[in-house]
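Engineer: Below is the structure, and that's it, no one-letter string:
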């Protein structure tokens, strides 16, 4: 288990470094991330490299048992580069350049910027190749931000040429007959500027894919250099969880050795443990492997405004939750709060003054438990019997056409995840192309774009005994974001045994009453955002509408195909209805030792060959009880437990049970 | 009666056309509008015309008894034109160009664009001249959108030179002494950009007039070509009802043979029958003639969001309401929902899949009634004893200076119209220059700009027995949008027998209590938005304020001049007060056969020489009753009716009574 | 006492001037401000000057006993200048130019504009030098508006070069290590554009200082010309009170002979007498001298919207309040409402029609009292025993980093002022560098930036017996806007005997309960916006938190240093708590003759050598009573008063008591 902090020695007098390293070591920290915002310090002018300070920092930390992940510094360009190449500036959707003074202000397709990037990455790689204290690389920092500059427009046109081959093919695929937007030269194809209004959906989606690909490509250029020079040092990028909307993280993760992300529970408003759990599961799902939190909140966040301070106990509780969900590395952001710059109120473990306080103590207390546990968690995996299919294509498509403000793809996705999370059901987040056979239940909400391959794999999954749950607005579009010419849900119609006769976009928070019938008899609830009016072909109704002009028509249906079931939600059920529905589907947690847990207690299991680790996480303000049956060793309190145990507010318990 | 659909054969495989035509004919459709978004299809490159596909579509439809209105395709420029002339791009008030990717992205004053427009219109006219299946032309599509490009600035300066002759005259008329904005060269005159703040009111108004004139002029250029080549084929343009704020529709209609407009009751929120009635009356009033609905909603509307689906029965109910208010043509938008493009969720009669469903059946049911009625409605006119004077000059002026958010010109206008509509009083919407003698009552709310001619015609109308109703903020400005130098209401002061001593802008939703006195004794209510404090010269008080520092001062006054009355509303009365006030004025419906109708039942009469047609329209969710006295033939149910009859929710009844 | 109006003879026919002068004289007016928006009238083309009209106006008014303050007309550039120098246009933070059509559209650093400005100021100075009717100059009008043009960027870089000497010094002072923003050439230093996000706090603050300095410098250029040519004619500028955020008014006032400002109580919403009192006190504090109201509201204000009309009595009540707080000149804006231009609804004493009405009568009634009082108020000063320290540096810094929306510097400042005002305690608003010894209590809220000199002067003030009150977010930053590296409140820690252990930004309107303890025992209240968790070193707790995780920790503390006290507010107390707190501090009004006044009655005293003048101002809607003890002559009612007296709603009483 890696436990560390993001460290900026360049912000502090060198004579302070020793004290920092001593305090880190005392807190149980064994890793730092450094250098990802230090380009100018490392290269004050073109080709004049200065790594001495960083060498000294790495070595000094190494003497305290702390190893280093190095960040390539390309997220924050030096002033001398951007002054020399003003056209490397990222242009926003509203036409405004992101002039110098912040970060992420570069265009990822700019050739000059890529040349400068390659040079600094090469220099760092050559300098640190073979340094045993450097145990990993992070590429750039929090990729994202769509660019609308002329270079991107030309690159987009070339990207389209690669994808479609000919303008005839593009015109046909996009339906440019509409509004007479038929292109007769690649150069005519525009970017989807904000000022211009609603764009062709195919153009809008492909621009989003292109911009995601641009960052994937930019990242790959750095990875190629590092792999060639530093061979077996693993590479990551710090992503932004489930919430970040502009990059296809499955694509971005493909070239990485491991995934990491930045977890800030108190960015604004009250922290939401289910949202964090979904973010962890998504990051774990990108490569189906353990991940790191590369920036774990260690103090109040702040830019021009400052958020609420983490309450006592929250910092380790958040970090343990990450571990429970599959994190093998926790790196706090940041070691010490910067005294200057735009993030001087993005607080670290230490405050500006550098004197250890409450937050340091909390970090250290977790460090002690981790040291006590040693390498026990290595190789353990989070258990999951349910998968949710995440599609960035569909997510991008809804960004151009939200349908209505209540039909938000990530919100719908998260609300179904939350219903599973409340029941402590382990969920994997997987891409459309995932192998589904090992899951008892698969949910693929709002899979708006659908190709024939996916449809066939879904059918086969059901035929072989799986339970597939899908929703309205699935199978609507082909992969060019053009509406299918059959009744909805298009390629899924036969599998679900239904046809959509009409649909109704429930604007303005309008809801429609729903009543469970047959196997779902009993619960009443409401559907929101959208209502499909369904005609049953080979399906039974699980719920019907009770309001609007489609009262008594089916709202939820189930069909049996082969050994499995295909369940369709014609509308988005409220929390109670979703819960009843999951019960009817037989969705349940499967833990090795848990007998019962109070509602509100989050329970997650990591399983290794030798043992399983039951994490009990109490994110509430009240004591929670759980019956852990035969139980085992509890690592936080370091004692044996069995039967009923109490978890205090913001408390965590880790019960190890032997396996096999 | 024309009954049809907007049809885009270019969106569908040619082998489908025959099925479309068959379905149209079966639904009773006899007209389509085509080609208004097909420029690139018709002219893929400069001068290379391709009309074959359109010829085949026109002919095929003709074989099914369906004739064609052709649209000139200039609302959506080809990519090859805009790529060749980037400076033909419309520039928004915020300085952003409306780059390629939507429609209405051209500057109407750009010479290149006008040259390209003339070429395609000429080619279409020459190609379709003499084709008996082409029964009309539509120019462009939904004109509008103000442009701030340099070409428009220069054209504006020339337009001003024509209007004022000399800079001395302009400086004097605009009061450019203020803030020292005296112009010494035409080139100095700016456009009223958003970033610059509040502009000189005379400049702001004249820019709005100029932009309206620019579209009128651009339209005329197309009309001139069509008239010359296609001589007697009538020409229309599809406008946007009462609500569209940026064009002087009286001016735009002047050059047309007939007016049409686009009626979308479910664009957002719940449909409002009074708002639609006002829109129909406005469109009818532009030329004082029957009009068409060129786009009548036939499915859920949608761009990036999708609105609620039309409820069963709404589509024919909306269409019949249009007929009741004077429509002689109903053309549904659109035949079949496009599978691609920015409007793929702007649904037509058929859904994406092309299979007839509920909405098709509703369209067909109305088609059957229209076939049954034959040409009976031809030549009939909507009866109206009240006129409301609509001034685009005043409306434009308030756009620059709203006075306060509650003093919105179209909202005040609509609220007075609504009071009349609730009583089923026929209302014509007329321009300032209209002949008023035939109306019992004339309302001219917020006639902010006033010239001496209009003031004199109003006086004469009253002297000869008319009842004229005006409101606060009337007669405030001369035609250059400069405040008069006499007490308000300026040129109207003598006619109304009052002077405004002070006024009070009721910001923030503030209201003032009002009590009726004298002939209006009884009702209490509230005035909002504005309060004139009136001094009576030759008038009596009908209501006085009960609050603020002007309590007990007159709020509503009446004067007798010659045989008539001039009534002044010093504030904007609430609904109850407006209703009491209309009673006091003797405003009442005048139908040939109606005895009584339940509140909430809309009743409109169309009268021909031979008969009158009483339309009973129930836009509510409850049954409504009406006593139609002697009655006559009812065309929806196709039976004789007399005395009390019931109209179901969303139901329509058309009772024909013989005249003469 | 000067009593007058802002007059624009150029807006009216010359034959009207005589009538205007007669009406002014009849109302007791003795001064006008003229010409500040008449540049083009005075100089229709370069170097062609036309002062004849102004000469005639000055002379004619002089014949009616009215003297003139002349404004330099640079706030509103002629069209011919801006057309010749388009790059003199001010550029907004969002990148949009403020194109011609409004005012304040020039860049203060543009060399061409400064050359034109110098020419017109020189010409006016030479023409009016020695004219005895011209008794003062006003520079420009309401300076402000930050410019982002390339000229300003270059000027900013030079300004920084002057301030820091070397890039090394700047980089070190600003912490440009953060995000690698180390500058290697002055030309690389950017402006803090809005599109770019959160900027380096040191950059952001220095840009704000630079833009303030730019106007100070631009003003000084005009002052230098006037001083050289017109020698002893005093010079002012009309500022915008406490509320204007973009200029350091202490700096701007330094070069002026006297301060004036523009007082519009009914700009939007209900008037707030405490806000006006704070504005008057701030303006008085800029030079520690009497000031003028150069624009005193005389009618409804309005641009594109119109505000509520001043209620009867408000105009003189507002003007008398200004006099009470130290105004020696009241100039109403404007004499007569303009009939044209962007401010045609910014009403004056007379309406558009020019006929005297209610508002004229109210102005005249005050004129009569002033004539009766003669020169009695000359030389009198407002009494104040409390000072509040206003820091534009801190205010500018919070503009870049607001911390949270409830921690607004001017709002916090105003809320503490309001608590004093409600008790009728005289308050001076002073800069950091002020001599504090003469005040019993000094409040310096949110003094975010602090230098060692100020800290030492504060310590010395306390040591010598003063009571110093400061709040959270004080002493946080050095003068480069970099966080100090010690515990907060940094340099103040020893003085207040506390250390801030943690802090909590109370976002989203969150509040924390507080209980008074020890000397403050009794009151309960709430803290909002921010909460410091304090550790006592050498202080006692006056109040402690009752909620959040820091319940029972000190919230308000007091330390004794030398003969005085230093009181620290760790959070922002609510009104009741602030009031109890002031009681505990012994804050009380000190009037020469007032025994008791009803709550809600504002009482202010001006004291001269020979007498003191007690102003009783009733801004409420109810009668208020006061016991004036021995009393004296009351000038409004012109009679002797003693003991209890009644002040009607919006009424004013001025009781003169002999001194010495």
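Structural biologist: Here it is on my side, so go on. On a predicted model such as this, the values are computed, not experimentally measured, just so you know.

Engineer: Tell me which residues touch residue A:494, please.
Structural biologist: A:537-538 (C-beta atoms under 8 Å, 6 or more residues apart in numbering or on different chains). Where you see a C-beta, it was placed from the backbone N, CA and C, and this is true even at glycine.

Engineer: From residue C:449, how far out is it?
Structural biologist: 71 Å (C-beta to C-beta, to the nearest Å).

Engineer: Likewise for residue A:411?
Structural biologist: 43 Å.

Engineer: cool, and residue A:74?
Structural biologist: 34 Å.

Engineer: between those two, which one's more packed in?
Structural biologist: residue A:74 (27 against 24; other C-beta atoms under 10 Å in any protein chain shown).

Engineer: ok, so what distance separates that one from residue A:35?
Structural biologist: Taken as C-beta to C-beta, the span from residue A:74 to residue A:35 is 11 Å.

Engineer: now swap in residue A:562 and tell me
Structural biologist: 55 Å.

Engineer: Apart from its neighbours in sequence, what residue is nearest the residue of the stretch 501-650 of chain A found nearest chain B?
Structural biologist: Here the stretch 501-650 of chain A gets closest to chain B at one residue, residue A:505, 3.8 Å apart by C-beta to the nearest C-beta. In space, and not counting its chain neighbours, residue A:505 is closest to residue B:306: 3.8 Å by C-beta to C-beta, 6 or more residues apart in numbering or on different chains.

Engineer: tell me the contacts of the one you found?
Structural biologist: So residue B:306 contacts A:403-404, A:505, A:507, B:300, B:345 (C-beta under 8 Å, 6+ apart).

Engineer: from the middle of its chain, how far away would stretch A:385-399 be?
Structural biologist: 11 Å (C-alpha atoms, centre = their mean, to the nearest Å).

Engineer: Same check on stretch A:305-318?
Structural biologist: On C-alpha atoms, centre = their mean, the centre of stretch A:305-318 falls 21 Å from the chain's centre.

Engineer: what comes up buried for that stretch?
Structural biologist: A:305-318 (16 or more other C-beta atoms under 10 Å in any protein chain shown).

Engineer: Check stretch A:500-517 too.
Structural biologist: A:500-507, A:510-512, A:514-517.

Engineer: among those, which are in strands?
Structural biologist: Members of the buried residues of stretch A:500-517 lying in strands (criterion: DSSP state E): A:500-505, A:511-512, A:514-516.

Engineer: which two from those end up farthest apart in space?
Structural biologist: Using C-beta to C-beta, these reach their maximum pairwise distance at A:505 and A:516, which is 23.8 Å.

Engineer: ok, back up a step: least confident of the buried residues of stretch A:500-517?
Structural biologist: pLDDT across the buried residues of stretch A:500-517 is lowest for residue A:507, at 87.

Engineer: ok, which stretches of the stretch 351-500 of chain A are helices?
Structural biologist: A:358-373, A:392-400, A:409-422, A:452-463, A:493-496 (DSSP state H, counting those that start in this stretch).

Engineer: Repeat that for the stretch 501-650 of chain A.
Structural biologist: A:575-585.

Engineer: can you map out the strands along it?
Structural biologist: A:511-516, A:524-536, A:540-545, A:554-561, A:564-569, A:571-573, A:596-597, A:601-607, A:611-618, A:624-627, A:632-634, A:639-641, A:644-647 (DSSP state E, counting those that start in this stretch).

Engineer: ranking these by burial, who's on top?
Structural biologist: Ranked by mean neighbour count, the strands of the stretch 501-650 of chain A are led by strand A:571-573 with a mean of 27 (mean count of other C-beta atoms under 10 Å in any protein chain shown).
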